[in-house]
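Asker: Give me a 3D structure for the following:
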Amino acid sequence: MHVEHHPLAAEFPELRDQIHLLKTGNAHFSRLLEEYEAIDKAVCRAEDGIEAAADHVVEGMKRQRLHLKDQLYSLLKTSS
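Answerer: Prediction:
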């Protein structure tokens, strides 16, 4: 079963331009976004069966991805 990635621009399409601006102009945002993307890919690889991971590990990564998404969204909203 193929699992879809959750790119930030797809999660918040109305903020696509703002995401690009912060990604290129804010080091903190860029670092968080890189971490978010890496965890998202790791979750997808685990759920697709490409890499083995225990359920509790995958659930932990999902929680971490959600926490990062919340932080990124907060930065997006405060910078607009």
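Asker: what's the weakest-modelled helix or strand in the protein?
Answerer: helix 8-11 (a mean of 92; mean pLDDT, DSSP states H and E).
Asker: contacting residues around that helix?
Answerer: With CB atoms under 8 Å, 6 or more residues apart in numbering as the test, helix 8-11 has contacts from 15-16, 19, 33, 36-37, 69, 72. Quick note: C-beta positions are derived from backbone N, CA and C, even for glycine.
Asker: Now, of those residues, which are buried?
Answerer: 15, 19, 33, 36-37, 69, 72 (16 or more other CB atoms under 10 Å).
Asker: Include pLDDT when you put these into a markdown table, please.
Answerer: Output for the buried ones among the contacts of helix 8-11, formatted as a markdown table (pLDDT from 0 to 100):
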| residue | pLDDT |
| --- | --- |
| Leu15 | 95 |
| Ile19 | 97 |
| Leu33 | 97 |
| Tyr36 | 97 |
| Glu37 | 96 |
| Lys69 | 97 |
| Leu72 | 98 |
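Asker: from these, which ones fall inside helices?
Answerer: 19, 33, 36-37, 69, 72 (DSSP state H).
Asker: which stretches of this protein have low pLDDT?
Answerer: Along the chain, segments meeting pLDDT under 70 span 1-3.
Asker: check contacts around the spatially most central residue of it.
Answerer: Nearest to the mean C-alpha position of the chain, by CA atoms, centre = their mean, lies Tyr36 at 3.2 Å. Tyr36 makes contact with 8, 65, 68-69, 72, according to CB under 8 Å, 6+ apart.
Asker: and if you look at Leu72?
Answerer: Counted by CB under 8 Å, 6+ apart, Leu72 has contacts 8, 29, 32-33, 36.
Asker: mind redoing it with 10 Å?
Answerer: By CB atoms under 10 Å, 6 or more residues apart in numbering, the contact set of Leu72 is 8, 11-12, 15, 19, 22-23, 29, 32-33, 35-36.
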